[in-house]
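S.K.: Here is my input; please provide its structure:
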Amino acid sequence: MRERIYFGFSKIVTVFCLALFFFGVPFSAGQDISAVPPEAKNAAELEPVEPLRIKLAVNEVQLDVVVVDKKGNPITDLTAADFEIYQNELPQEVASGVYIRNQIETAAPPFASRKDAPAILKLPGATLKEEDVCRTIVFVVDNLSLAFQQLHRAKMSIKGFMEKQMQSCDMVAVIRTGYGNSALGFFSSDKNQINARVDAIPLEGPPEEVYLGEEVNLDDGTLLRIYSNQLSTVSYSIRAMKDMPGRKILFLLTSLPMLEIKMSTFFGIGAEEAVINPSANPSEIFGSQLNRLADEALRAGVVVHTMDAMGLYCAERNEVVCDSPNPNKANSFNELSYKTGGLFVKDSNFFLNGIGREANNMIAGYYLLSYVPPQTTFNVSRKNVYHRIVVKVKRKGAVVHTRDGFYGRIESETDSAASTFPLRDAIFSPFKHADLNLNISAGYIKGADASYLVRSWIHLDPGNIKIVETENGGAKIDLETVCLTSDINGQVHDFKHLNYTFNIKPENKAENLAWIKKHGIRFSVLLPVKKHGLYTVRIAVQDTESGSTGSAWQSLEIPDLTRKGLALSDIFVITSADDLNGMLSDATKQIDEGVFAPVFQSEEVRSPALRTYMPGDNFHTLLILYNADTKAVAASDIEIQSILYKDGMEYQRAEAVPLTRENAESHGGIMIFRRFTIGPDMPPGDYVLQMLATDRKNSKKKESVAVQTLRFTVSERSGK
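M.R.: Residues are numbered from 1 along each chain as shown. Sure, this is the predicted structure:
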């Protein structure tokens, strides 16, 4: 049986489309488009385990342990009886041991990354739910220490990881030591977002030859400042990862701080100048700080792998292949990686293949071991004692990677207090806050004075909303919301903070409360955006009475409409006349007033923020074409085409339809309406609808093609 989705295209002006949209008349006869979906490979399922939470308590200490053979291949068939644990050189009885697999079977790369994919294709990545994450990975690029050749290798490594080694269940963040970092927009499973963050890292710094000379003068404290900043960024990243799910891994891409160079001064962050032992090295200077950081990493479940981006050394400048160990790094050693159970990868061109085979094997899985510690371990008098840990495996040739110790403080002493800023925490969280079930659908249109307007439709489930009875016999709902845009580096650009009260009059109280209970609360927020760019639109809402919060976000790319070439607004789902009028009306007053546009209706109308459909459902869309040449429109030389993708692969394609002068103009562009009907045999899953506008006579030019996408979900009908 063939799976189908039906495409219909409107050639009518706005006046008629309003009537046709909302009185059940289709725009035009739907095209019957069918295709045989490609066969998909079944990925190996992860073992059902809870996210890694390292436990340090009086009755149990847990350790995460990676065991590999001499070739670096994971050993996965050990039992608790194969391990020996020593605390402060005293043997401990291993109470339990289980192997946890983080890695799923490598699937085919997304269509957007395949060589046969069209250059214009850019499919949005799926948003992972917290329970679906198998690995949380942070790449820290130490751009303060890297020469521009090494920065290029670091960027190559991250992009190679995304292309060849990143899994669909991975959450990834990219930050720099020499840049003000923010947890906002920190983690993403969308390769487009991650790739943009990597591209934003400038290739700055001195040429690599400066670091390869016989003498490196760092007696002014430069190296120690770099190292201190590096540790500060790593510490920040560990704190940000503490409440993240899955296996937590930090890759530190660095270079100079690994050199064993004598230093005479230290300028710490916020510290006064101090004289130190001229023969000291970073490990000796930062020893206590490293112990604290290792303890913090253990409690957060984070493993740190250090990757030396200098790679192999060219003995001669004219050598084609560099395959010699760097003579300046013969004695280098990374203490932090050792203390957290990670790798220090040096003298390797790992960046030619993502993070390399050795590191990729290290993040494939781990053993979780537990033992009952000695009674004195967590005594109050010994809470500042660093207890040394050694783990051995009885199997010959096995290599063990694990933590080297922890401080004798129980978890309750290190847990942070409950936050007093729940709305701020919700907007900064890498996952949806689900006390309030919140969904959004955001998109941009052209605004006045070369600016842009982002409209976010919001749907709020009423489950945890507290409805307050008023003195006049009515009711009210008090909401506080924050709406903002952040760029690829997590910096906030546009911001709006609103308080709003939904007042329900006594005369229609029962009707409206019943409607809210059944359909939820619908409203929209309009946010002016000053500049084009790649953004994350974030919404957080708090119910003032109950204190419950909810958050959601959506990636959004706004093109520069002042430049020549076709451009498309976002694809908006239109479910009512109010939705359409809100899109096409002058929004200046709404912006000035800064208020919500609430919706309470007696009829059953689906919110545009809920993009889940069942077979047989249909939905209507609007998008606006900008910068179209009037002559090309008059000659019907501009075509609109719809393509459907499932699991990153093309699923169905509609025939291109020419644009004509019959299409109405609004907001400086040409409106395009379409109706889509989900075919009765369409399988459940996540889909991406892509719409392309092409100038046929100039199709080979980049500016003659514009593309936008809309993600939606097809679910099974109840009872099937």
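
S.K.: what's the burial count for K631?
M.R.: Residues within reach of K631, counting by other Cβ atoms under 10 Å, total 9. Bear in mind the C-beta positions are built from the backbone N, C-alpha and C, glycine included.

S.K.: please begin residue numbering at 39 from this point
M.R.: Taking 39 as the first residue, the last one we looked at is K669.

S.K.: Just the element for it, please.
M.R.: According to DSSP states H and E, K669 maps onto helix 668-672.

S.K.: tell me which residues of that helix are tucked away?
M.R.: Under the neighbour-count criterion of 16 or more other Cβ atoms under 10 Å, helix 668-672 has A670, V671 buried.

S.K.: Please put the alpha-carbon coordinates of that helix into PDB.
M.R.: Extracted as PDB, the C-alpha positions of helix 668-672 are listed here (Å, rounded to 0.1, in the frame of the first residue of the first chain):
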ATOM      1  CA  THR A 668       7.600  41.900 -11.200                       C
ATOM      2  CA  LYS A 669       8.400  40.900 -14.800                       C
ATOM      3  CA  ALA A 670       9.200  37.300 -13.700                       C
ATOM      4  CA  VAL A 671       5.900  37.100 -11.800                       C
ATOM      5  CA  ALA A 672       4.000  38.400 -14.700                       C
END
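
S.K.: Show me where the stretch 239-388 of the chain dips below the pLDDT cut-off.
M.R.: 243-262, 294-325, 351-372 (pLDDT under 70).

S.K.: if you set the cut-off to 80 instead, what comes out?
M.R.: For the stretch 239-388 of the chain, the stretches with pLDDT under 80 are 241-267, 281, 294-327, 349-373.

S.K.: Do a quick rundown of the helices in it.
M.R.: With helices called from DSSP state H, counting those that start in this stretch, the stretch 239-388 of the chain shows them at 260-279, 320-323, 325-338, 373-378.

S.K.: same thing with the chain?
M.R.: With helices called from DSSP state H, the chain shows them at 52-60, 186-198, 229-237, 260-279, 320-323, 325-338, 373-378, 394-400, 449-452, 460-466, 547-557, 615-622, 626-631, 668-672.

S.K.: Would you mind checking the average pLDDT for the third one?
M.R.: For helix 229-237, mean pLDDT rounds to 84.

S.K.: what angle separates it from helix 186-198?
M.R.: Compare the direction of helix 229-237 with that of helix 186-198 by axes from the mean of the first three to the mean of the last three Cα atoms, to 10 degrees and you get 170 degrees.

S.K.: Mind listing what's buried along helix 229-237?
M.R.: Across helix 229-237, burial judged by 16+ other Cβ under 10 Å covers K229, N230, Q231, I232, N233, A234, R235, V236.

S.K.: re the thing from before, kindly state which of the helices of the stretch 239-388 of the chain is positioned closest to A578.
M.R.: The closest of the helices of the stretch 239-388 of the chain to A578 is helix 260-279. By Cβ to Cβ, the value is 17.7 Å.

S.K.: buried ones in the closest one?
M.R.: By 16+ other Cβ under 10 Å, the buried positions in helix 260-279 come out as 260-272, 274-276, 278-279.

S.K.: Can I get it in PDB, CA atoms only?
M.R.: The C-alpha atoms that make up helix 260-279 are tabulated as PDB, following Å, rounded to 0.1, in the frame of the first residue of the first chain:
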ATOM      1  CA  THR A 260      50.700  34.400  29.800                       C
ATOM      2  CA  LEU A 261      50.600  30.600  30.000                       C
ATOM      3  CA  LEU A 262      49.200  30.700  33.500                       C
ATOM      4  CA  ARG A 263      46.500  33.200  32.500                       C
ATOM      5  CA  ILE A 264      45.500  30.900  29.600                       C
ATOM      6  CA  TYR A 265      45.500  27.900  31.800                       C
ATOM      7  CA  SER A 266      43.400  29.600  34.500                       C
ATOM      8  CA  ASN A 267      40.900  30.800  32.000                       C
ATOM      9  CA  GLN A 268      40.800  27.300  30.500                       C
ATOM     10  CA  LEU A 269      40.000  25.700  33.900                       C
ATOM     11  CA  SER A 270      37.400  28.400  34.600                       C
ATOM     12  CA  THR A 271      35.600  27.600  31.300                       C
ATOM     13  CA  VAL A 272      35.800  23.900  32.000                       C
ATOM     14  CA  SER A 273      34.300  24.400  35.500                       C
ATOM     15  CA  TYR A 274      31.500  26.500  34.000                       C
ATOM     16  CA  SER A 275      30.700  23.800  31.500                       C
ATOM     17  CA  ILE A 276      30.700  21.100  34.200                       C
ATOM     18  CA  ARG A 277      28.200  23.100  36.200                       C
ATOM     19  CA  ALA A 278      26.000  23.600  33.100                       C
ATOM     20  CA  MET A 279      26.100  19.800  32.400                       C
END
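
S.K.: Against which helices or strands is that helix packed?
M.R.: If you count contacts as 3 or more Cβ pairs under 8 Å, 6 or more residues apart in numbering; DSSP states H and E, helix 260-279 packs onto strand 173-179, strand 208-214, strand 285-292, strand 303-304, helix 320-323, helix 325-338, strand 340-346.

S.K.: To Q679, which of these lies closest?
M.R.: strand 208-214 (32.2 Å).

S.K.: Run through who's touching the closest one.
M.R.: With contact meaning Cβ atoms under 8 Å, 6 or more residues apart in numbering, strand 208-214 is reached by 166, 171-181, 196, 200, 204, 219, 224-227, 232, 235-236, 239, 271, 275, 278, 282, 284, 468.

S.K.: Which positions within that strand qualify as buried?
M.R.: By neighbour count with 16+ other Cβ under 10 Å, strand 208-214 contains the buried residues D208, M209, V210, A211, V212, I213, R214.

S.K.: how close does the first one get to E688?
M.R.: Relative to E688, D208 is positioned 24 Å away (criterion: Cβ to Cβ, to the nearest Å).
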